[in-house]
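1. With the sequence up front, the predicted model follows.
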2 protein chains.
Amino acid sequence: MKKFLNTAETMIADALLGLSAAHPELRVDFDRKIIARAGGTRRGKVGLVSGGGSGHEPLHGGFVGTGMLDAACPGEVFTSPVPDQILAATAAANGGAGVVHIVKNYTGDVMNFQMAAELASDADVAVETVLVNDDVAVKDSTWTAGRRGTGATVFVEKIAGALAERGASLSEVAAMGRAVNAASRSFAVALTACTTPAAGKPGFDLPADEMEVGVGIHGEPGRRREKLGTAKQIVATALDAILSDQPIAAADATIVMVNGLGGTPLIELYLLFGEVSANLNRKGIRIARTLVGNYITSLDMAGASITICKADERMIDLWDAPVHTPALRWGL
Amino acid sequence: MKKFLNTAETMIADALLGLSAAHPELRVDFDRKIIARAGGTRRGKVGLVSGGGSGHEPLHGGFVGTGMLDAACPGEVFTSPVPDQILAATAAANGGAGVVHIVKNYTGDVMNFQMAAELASDADVAVETVLVNDDVAVKDSTWTAGRRGTGATVFVEKIAGALAERGASLSEVAAMGRAVNAASRSFAVALTACTTPAAGKPGFDLPADEMEVGVGIHGEPGRRREKLGTAKQIVATALDAILSDQPIAAADATIVMVNGLGGTPLIELYLLFGEVSANLNRKGIRIARTLVGNYITSLDMAGASITICKADERMIDLWDAPVHTPALRWGL
């Protein structure tokens, strides 16, 4: 296994030390494994919490900051955070106006966030949950009843986070998060498997000339294996899957993300984005905003995902709002 | 070869299409392969141009924009841009106050930028050249007389770019670029080789339990091969090489970059940064500013580099100045 590591056991703790040292605007609780804004949540602002297994960086800790999350709680690699940890993150994010949990749809995450929400409610912290389930590749998967939550999480955290920053209520922020999820669809393709530090070897075997079409962010199987296609073919496959699930009219605006899964260089992501742009242009679909880079990854997996949000004017306006986090920053 | 590609021949052109589509604030000249600010260079502002072989993205095209470069000229993968292309980039960047060429120290780049500078001079455009040669790993290398230019390029482009934005003269901007280079040192370690699209296979063989210590950004050999060490050991090796070349006193401030070479996920880069921070703390060296991510890559190579700039107050102030490019953005 070729990784920059001390030991597999200390990987998350060691990475949190680096995140903390690199970003003094974050406050990292090393015991509980919580990443929060150094200044806490503004009194009266709705708090946003997200979390899930580690291995998807910058998600979620890299999205903590002004205009996005108030706290994140990373679990072990590809493992849900535990309820007590989520509860502590909820308390850290609570500014007295309630807390929104943004939860990717995986069985462990859903269960643990639900338990934490109940515990928070017992402590008189109002919690609303936004479930993210944007991946159109498969109906159910290894670790999911229903669709997996993937790239749309970034859109939900940014747009709902901006609305909370403007002082919206708990129900308004949660409703916006749900609307963004409902408007978003994703599809991913892997060229290689990822290697978890615990396993020490790739999670699956993929022949040298094949790709996994519709892969999940933990290396879960997708729809099928195929011979490696051209970038143009791969993009056509992904966009067909996305647009057949949610048609987009020429008048609609979209926010489009081409996201790397960890081991794919930026030049290939831009190359894919060029194909996405050309393909959508031919269909008369307008790209209003874009994001190209590594935002929700799968350790060292070579691969990419495409996420499209059919965004209304309000979502675009909130997308443009200032944000200051380790991984997304503009206007501040 | 597992890459998102149409053909190896069209890789750069296809990626430029994506860069252009994703960033309307850039103007891409597809014939000449030049990336410039859409609005051109402000009249009277010193222009900054950089370029070099492709495969190091986001360098250089991802650093074009307010507060950094005015134009970039990417060559083919790991191949210098040609003099006519550099000349055209120089013309695009010229706002009437002269142009600074930022050149990484590789024989082809140095020769072609020098020819372009002479041609520009014939056309009455004053050019000053800043040569970047920060890599302490080897004295001479496969493609270099003298030290290779690597991570310090990002610091030079940011800090000299900010000074140009403030209206400094050609000689002042060039002097600042040279000062930043003189204050910066880098060292890199590779866990895997990269694969160029033309070759279709890894550039060198590296056994499953070994790393290349002191590797260059094209996969050039470093100082030696070693058994893969822990992150702590790797960081100690890199920092010893850097600090023995340029001692840093406890009173000095530093800008520190931990940079991924393309195939290394962010969680490992943060883990390395944690070790860098702990190591420098033990030595009493103050980290004033940080950058963790993929900024100067080597296609899909798994690996990382560390760059340290012994920065004075003026450099820190210019580092903090607003920047709006695809790959670095704050304050705008």
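-> Structure's in. What do you need?
2. What is the three-state secondary structure of the nearest residue to residue A:197 once chain neighbours are set aside?
-> Sequence neighbours aside, residue A:8 is the residue nearest to residue A:197 in space, at 3.7 Å (criterion: CB to CB, 6 or more residues apart in numbering or on different chains). For the C-beta atoms, the positions are set from N, CA and C on the backbone; glycine is no exception. Recorded secondary structure, residue A:8: coil (DSSP: H, G, I helix; E, B strand; the rest coil).
3. For residue A:8, grab the count of nearby residues.
-> 16 (other CB atoms under 10 Å in any protein chain shown).
4. what about it, distance to residue B:273?
-> Computed as CB to CB, to the nearest Å, the residue A:8 to residue B:273 distance reads 19 Å.
5. what does the stretch 51-200 of chain A have sitting close to chain B?
-> Neighbours of chain B within the stretch 51-200 of chain A, by CB under 8 Å from any CB of the partner chain: A:54-55, A:57-58, A:62, A:191-192.
6. In CSV: the residues you listed, plus pLDDT.
-> Listed next are these as CSV, based on pLDDT from 0 to 100:
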residue, pLDDT
A:54, 98
A:55, 98
A:57, 98
A:58, 98
A:62, 98
A:191, 97
A:192, 96
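7. can these go into a markdown table with extra columns for neighbour count and secondary structure?
-> Shown next, in a markdown table, are these (neighbours: other CB atoms under 10 Å in any protein chain shown; DSSP: H, G, I helix; E, B strand; the rest coil):
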| residue | neighbour count | secondary structure |
| --- | --- | --- |
| A:54 | 25 | strand |
| A:55 | 28 | coil |
| A:57 | 25 | coil |
| A:58 | 25 | coil |
| A:62 | 28 | helix |
| A:191 | 25 | coil |
| A:192 | 24 | coil |
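8. Would you map the strands across chain A?
-> A:26-29, A:34-37, A:47-54, A:71-77, A:99-104, A:127-132, A:184-190, A:210-213, A:224-227, A:253-260, A:286-293, A:303-311, A:323-324, A:329-330 (DSSP state E).
9. want to throw these into a markdown table with distance to residue B:196?
-> Shown next, in a markdown table, are these (distance: least, CB to CB, whole Å):
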| stretch | distance to residue B:196 |
| --- | --- |
| strand A:26-29 | 38 |
| strand A:34-37 | 38 |
| strand A:47-54 | 32 |
| strand A:71-77 | 31 |
| strand A:99-104 | 36 |
| strand A:127-132 | 38 |
| strand A:184-190 | 22 |
| strand A:210-213 | 20 |
| strand A:224-227 | 22 |
| strand A:253-260 | 19 |
| strand A:286-293 | 22 |
| strand A:303-311 | 20 |
| strand A:323-324 | 36 |
| strand A:329-330 | 32 |
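10. What are the neighbouring residues in contact with the residue nearest to residue A:197?
-> A:197-198, A:200 (CB atoms under 8 Å, 6 or more residues apart in numbering or on different chains).
11. Give me the pLDDT value at it.
-> Residue A:8 is assigned 96 on the pLDDT scale.
12. Just confirm yes or no for stretch A:308-315 near chain B.
-> No: if you take CB under 8 Å from any CB as the test, stretch A:308-315 misses chain B, and the best it gets is 14.1 Å.
13. Count the neighbours of residue A:4 for me.
-> Counted with other CB under 10 Å, residues neighbouring residue A:4 total 31.
14. Is it in contact with residue B:306, as I believe?
-> No: shown here, residue A:4 and residue B:306 do not form a contact pair, counting by CB atoms under 8 Å, at 11.3 Å.
15. what touches both of these two?
-> Joint contacts of residue A:4 and residue B:306 (CB under 8 Å, 6+ apart) are residue B:272.
16. For residue A:230, give me the pLDDT.
-> Model confidence at residue A:230 (pLDDT) stands at 98.
17. for the residue nearest to it when sequence neighbours are not counted, what are its contacts?
-> Once flanking residues are discounted, residue A:230 sits nearest to residue B:6: 4.8 Å by CB to CB, 6+ apart. Contact partners of residue B:6, counting by CB under 8 Å, 6+ apart, are A:230-232, A:271, A:275, B:14.
18. quick one: which of the residues you listed has the most company?
-> Per-residue neighbour counts (other CB under 10 Å) across the contacts of residue B:6 peak at residue A:271, which has 29 neighbours.
19. Look up how far residue B:57 lies from that residue.
-> Distance check for residue A:271 against residue B:57: by CB to CB, it reads 10 Å.
20. Which neighbours do those two have in common?
-> Joint contacts of residue A:271 and residue B:57 (CB under 8 Å, 6+ apart) are residue B:15.
21. Nearest residue to the most centrally placed residue in chain A in space, please, no chain neighbours.
-> By CA atoms, centre = their mean, the mean C-alpha position of chain A lies nearest to residue A:153, the distance being 3.8 Å. In space, and not counting its chain neighbours, residue A:153 is closest to residue A:132: 4.8 Å by CB to CB, 6+ apart.
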